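J.: here is a sequence together with a model predicted from it:
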Amino acid sequence: MGVKILVVEDEEKLARFIELELKHEGYEVEKAHDGRTALDMALAGDYTLILLDIMLPGLNGLEVLRRLQNEKPTPVILLTARDAVMDKVSGLDAGAVDYITKPFAIEELLARIRVVLKTHVKSVEKHTADINDYNGIEEAMDNLNIPINVPKGQGEIFMWKELVLDVPKHRVSYKGEEIELTNREFMMLKTLLENMDIVLSRDTLLEKVCGYDYIGETNVVDVYVRYLRTKIDENYGIKMIQTVRGVGYVIKSE
Ligand code: CA
């Protein structure tokens, strides 16, 4: 099956230009010029990837992204005219896998598309496969009426003290109380738990969480750690994520 890309951009000339370049690369392309049409198309269609402008008439790009991400995991690259860190953070928080600031060189956009196709499209497929595996085990256990005690790394359930992160169910709880996390916060916490007792650098975390190396933008990691600390550490009076000065972050098993 070929790669099908939805280009959402209200500047018609730019949209047309991107379309021609992408078609030249052999991708199948469809276009939308406003947020509402884009959301309808994205929900109904079967796109490999979506390029999504933030400033759009009707529904803005971030809103389109949020609503879409509630429904399906299509990777989204944001096109933004603004270069503010907060925009990028909101975009990544809402589930975008990457962003590119306008004006951009078409070669850069093409390179980023290739990275996303290589990393994210595969990981979405792999994640789905993991969920299927896990559901199979869970169902079998249910039938046997044996309590499930899944060891770390198997079935993708991670535990730290009374915190439980359940990957297949995409759920985090502390003492049984559910904690609501955004996709990126969830990925950050999962990465730290997966690597318990290993200090992870900001670069490593950024790569694991965003799937792309944002050179010079590692403060995005600090922002997510701050969000996690507010939602978990401060809320429950614990000290889960530790800062290792000059190196990065770690969750220690003891
Ligand atoms: Ca625009």
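T.: Right, received. Where do you want to start?

J.: low-confidence ranges, the stretch 151-254 of the chain, go.
T.: 151-155, 211-218 (pLDDT under 70).

J.: for the ion, what is the nearest residue in the stretch 101-250 of the chain?
T.: Per Cβ to the ion, residue 102 is where the stretch 101-250 of the chain lies closest to the ion, at 8.4 Å. All C-beta atoms are positioned from the backbone trio N, CA, C, and that covers glycine.

J.: around the ion, which positions in this structure sit nearby?
T.: 10, 53, 55 (Cβ under 5 Å from the ion).

J.: you'd agree the first one is up against residue 54?
T.: No - the criterion here is Cβ atoms under 8 Å, and residue 10 misses it with residue 54 at 10.6 Å.

J.: tell me which of the two has more neighbours.
T.: residue 54 (23 against 17; other Cβ atoms under 10 Å).

J.: still on that earlier bit, ok, now which ones touch the residue of the stretch 101-250 of the chain closest to the ion?
T.: Contact analysis of residue 102 by Cβ atoms under 8 Å, 6 or more residues apart in numbering lists 14, 79-81.

J.: show me which of the residues you listed is closest to the ion.
T.: residue 81 (6.8 Å).

J.: how many residues are close by that closest one?
T.: Per other Cβ under 10 Å, the neighbour tally for residue 81 reads 12.

J.: and if you look at residue 169?
T.: Neighbours of residue 169 using other Cβ under 10 Å come to 14.

J.: just to be sure, it is in a strand?
T.: No - if the criterion is DSSP: H, G, I helix; E, B strand; the rest coil, then residue 169 is coil and not within a strand.

J.: shaky segments in the stretch 1-150 of the chain?
T.: Using pLDDT under 70, the stretch 1-150 of the chain drops low at 1, 82-88, 121-150.

J.: now it against the ion: closest residue?
T.: residue 55 (4.0 Å).

J.: that residue looks like it's in a strand, true?
T.: No - Residue 55 is assigned coil when assessed by three-state DSSP, not a strand.

J.: how about the residue nearest in space to the middle of the chain, secondary structure?
T.: In the chain, the C-alpha nearest the mean C-alpha coordinate belongs to residue 95, at 4.4 Å (Cα atoms, centre = their mean). On the three-state scheme (three-state DSSP), residue 95 is labelled coil.

J.: so it makes contact with residue 76?
T.: Yes - in this structure residue 95 lies within contact range of residue 76 using Cβ under 8 Å: 6.8 Å.

J.: list residues touching both of these two?
T.: Counting by Cβ under 8 Å, 6+ apart, the residues touching both residue 95 and residue 76 are 65, 68-69.

J.: the contacts of residue 102: which two are farthest apart?
T.: Farthest apart among the contacts of residue 102 by Cβ to Cβ are 14 and 80. That separation is 12.8 Å.

J.: more neighbours: which of those two?
T.: residue 80 (21 against 15).

J.: the residue lying closest to that one once chain neighbours are set aside and residue 96: what is the separation?
T.: Among residues not flanking residue 80 along the chain, residue 54 sits closest, at 4.7 Å (Cβ to Cβ, 6 or more residues apart in numbering). Here the distance between residue 54 and residue 96 works out to 10 Å (Cβ to Cβ, to the nearest Å).

J.: shared neighbours, the two?
T.: Shared contacts of residue 54 and residue 96, counting by Cβ under 8 Å, 6+ apart, come down to residue 78.
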